[in-house]
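>>> what's the 3D shape of this:
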Amino acid sequence: HMPEKTPLETDIIKRLKKSFDAPVPEVIAENKALHCFLMKDAGTSLRTVLTQEFNTSLLCTAIDQFTSLQIAIAYDVAPLLELGVPDWSLDKITELFKNMLEQQDLLTSDGLSEQEIAHLKSLLPTIEILCQKLSSYAVNDTLVQCDFHDNKILFAVNETDKNGTGFVNSYRIHKDSLEF
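Coordinates of the predicted model:
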């Protein structure tokens, strides 16, 4: 069973392209009722490429390009929030944490003991203070991509110019020139 927010991913991909000119993979089919979609093949996982021959430059390029996308989004998160992307901005963290702690059954079914849940509840004032301190630094909101790792970054080489492209989960990373 796919999570209900999965159909939102195709809308996110399209919005990233439209609003931020992000190099994202092409969605070729979607079925929102079944919570699934297909994307055009975007290459081999970066993990596979790096296992064959480790390339620090390639890895750094992937990190730099995803960071650039995050920075671009930081200046305008509204297009994503309009789609219904969960808002985990700093001013909402304390309330989200409180709401999570109220879901005792979920937390215990996830393996937390009552003692661990009580400890988390005791940390709520600390979290609130830390969020207030962080807010004083005027850190911009941005995209959070929890799956940003080398097995989710896809890499492909264009045969004519040896340009590489890859993607992070549903967010593709593009490199104009790579040296091998």
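
>>> what's the mean pLDDT across the longest helix seen in the chain?
Across the chain, the helix with the greatest residue count (assigned by DSSP state H) is helix 56-74. Mean pLDDT, helix 56-74: 83.

>>> which residues are in contact with the nearest residue to residue 84 once chain neighbours are set aside?
In space, and not counting its chain neighbours, residue 84 is closest to residue 8: 6.0 Å by Cβ to Cβ, 6 or more residues apart in numbering. The C-beta positions use only the backbone N, C-alpha and C, and glycine is treated the same way. By Cβ atoms under 8 Å, 6 or more residues apart in numbering, the residues touching residue 8 are 83, 84, 85.

>>> are any of those buried, and which?
residue 85 (16 or more other Cβ atoms under 10 Å).

>>> all the helices of the protein, residue numbers only.
8-20, 46-52, 56-74, 78-83, 90-101, 104-109, 114-122, 124-135.

>>> and the ones you listed: which comes nearest residue 39?
Closest of the helices of the chain to residue 39 is helix 8-20, at 7.9 Å (criterion: Cβ to Cβ).

>>> can you pull out the low-pLDDT segments for the protein?
Applying pLDDT under 70 to the chain flags the ranges 1-7, 143-151, 157-180.

>>> rerun at 80
Applying pLDDT under 80 to the chain flags the ranges 1-7, 22-25, 32, 35-36, 42-43, 65-66, 138-180.

>>> follow-up on the earlier one: return the distance of the longest helix of the chain from the chain's centre.
Centroid separation for helix 56-74 versus its chain: 12 Å, with Cα atoms, centre = their mean, to the nearest Å.
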